[in-house]
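Novice: Please find the sequence and the predicted model below.
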Amino acid sequence: MIRRNQSDHWIKFLGTAGARFVMIRQLRASGGLWLKSGSTQVLIDPGPGCLVRCSSVRPKLDPTGLNAIILTHRHLDHANDINVMIEAMTEGGFKKRGVVYVPQDALGDDPVIYKYAREFPGKIEVLAPQTSYQVGDFSFETSLALRHPSQTYGLKFLMGQTRVCLLSDTEYFEGLEDMFACDVLIVNVVFFEPRPGIQHLNFGDVKKIVARLAPKKTILTHFGLTMLKNHPHVLARQLSWETGLNVVAATDGLKVEF
């Protein structure tokens, strides 16, 4: 039997749920993103059910092999499982290892990481805007602060030779695209239509962003109810036709290799 060589650089979508109702009803899973870059494994935004998703995907993902956990922001659909994933990464705190990267307000008066769990990782590092970080074979850079009720950053990183950007939760503002020029854009799109006063992107915002940036590939994710009702895969196909660009909608368990 001939086996295809697996890439050393990939992203696994442990969930594509966005906003509270899709998360609460688990219409889509909410486990975040798992990245492998060379020999380094990184978890981004471990929302509710992350640990369960690690065990249920095939092949299983072993949290004791994680080298880092990154929070883009502190909201429950992104951060709910951070304590259990810290415990898993450090084998119950018996192996002090790994780095946890979080915005400052994740450790403030209403912290998302319990005090006892802060002793488990090798390091907890507070994210700053437009700053570069390195953990093993993986390096990433934060964007400027996005516009969201909590302190929120987008991420830019290399997967092999591919420039990847994660555009996390934010409202649209002029100049947003300037921070996310890349080969592959992963973008959180919660709403189908604008919801004034709620700081999330809608599908119209994403159309504008994709047309201006023209990435080689765009992956839509983090869907709210109105996006699910309008069928993300259909919307992605329509946007591909309109722009002539490669646009896809992520599904739970999707693996993208680089």
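Specialist: Okay, I see it. Keep in mind that what you see is a predicted model, and the values were worked out from it rather than measured. Numbers count the residues shown, from 1 in each chain.
Novice: make it CA atoms for all contacts and neighbour counts henceforth
Specialist: OK.
Novice: Under the pLDDT cut-off, which ranges of the protein? List them.
Specialist: By pLDDT under 70, the low-scoring segments of the chain are 1-6.
Novice: can you give me the helices for it?
Specialist: 19-25, 50-56, 76-79, 82-89, 203-213, 225-229, 232-243 (DSSP state H).
Novice: Which elements pack onto the longest one?
Specialist: Using 3 or more Cα pairs under 8 Å, 6 or more residues apart in numbering; DSSP states H and E, the elements in contact with helix 232-243 are strand 246-249.
Novice: the strands in the chain, which residues?
Specialist: 9-15, 30-37, 40-44, 68-70, 99-102, 123-126, 132-135, 138-145, 153-159, 162-167, 184-188, 217-221, 246-249, 255-257 (DSSP state E).
Novice: Check the gap between residue 223 and residue 206 for me.
Specialist: 12 Å (Cα to Cα, to the nearest Å).
Novice: again, but for residue 258
Specialist: 23 Å.
Novice: just residue 180 next, same as before
Specialist: Counting by Cα to Cα, the gap from residue 180 to residue 206 is 12 Å.
Novice: of these two, who's got more company?
Specialist: Remark: of residue 180 and residue 206, residue 180 carries more neighbours, 23 against 19, as counted by other Cα atoms under 10 Å.
Novice: Make sure the more buried one is actually in contact with residue 156.
Specialist: Yes: if you go by Cα atoms under 8 Å, residue 180 and residue 156 touch, sitting 7.4 Å apart.
Novice: anything in contact with each of these two?
Specialist: Both residue 180 and residue 156 are in contact with 143, 165, where contact means Cα atoms under 8 Å, 6 or more residues apart in numbering.
Novice: And for residue 63, nearest residue in space, chain neighbours not counted?
Specialist: Spatial nearest neighbour of residue 63, excluding adjacent residues (Cα to Cα, 6 or more residues apart in numbering): residue 89 at 5.1 Å.
Novice: Report the contact partners of the one you found.
Specialist: Counting by Cα under 8 Å, 6+ apart, residue 89 has contacts 63-67, 97-98.
Novice: of all these, which comes closest to residue 82?
Specialist: residue 63 (11.7 Å; Cα to Cα).
Novice: mind listing what that closest one touches?
Specialist: 51, 54, 85, 88-89.
Novice: Select only the buried ones of those in PyMOL?
Specialist: To isolate the buried ones among those in PyMOL, judged by 16 or more other Cα atoms under 10 Å, type:
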select buried, resi 51+54+85+88+89
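Novice: Between which two of the contacts of residue 63 is the distance greatest?
Specialist: Maximum pairwise distance among the contacts of residue 63 (Cα to Cα): 12.0 Å, between 54 and 89.
Novice: what sits in contact with each of residue 223 and residue 206?
Specialist: Looking at what touches both residue 223 and residue 206 (by Cα under 8 Å, 6+ apart), the common residues are residue 189.
Novice: Check the burial of residue 94 by counting its neighbours.
Specialist: With other Cα under 10 Å as criterion, residue 94 counts 11.
Novice: what residues are up against the residue nearest to it when sequence neighbours are not counted?
Specialist: The shortest distance from residue 94 to any non-neighbouring residue, by Cα to Cα, 6+ apart, is to residue 120 (7.6 Å). Neighbour list for residue 120: 86-87, 90, 92-97 [criterion: Cα under 8 Å, 6+ apart].
Novice: Ok, residue 248 next?
Specialist: Residue 248 neighbours (Cα under 8 Å, 6+ apart): 217-220, 233, 236-237.
Novice: what bridges to residue 68?
Specialist: residue 42, residue 99 (DSSP bridges).
Novice: close enough to count as contact, it and residue 100?
Specialist: Yes: using Cα under 8 Å, residue 68 is in contact with residue 100, at 5.6 Å.
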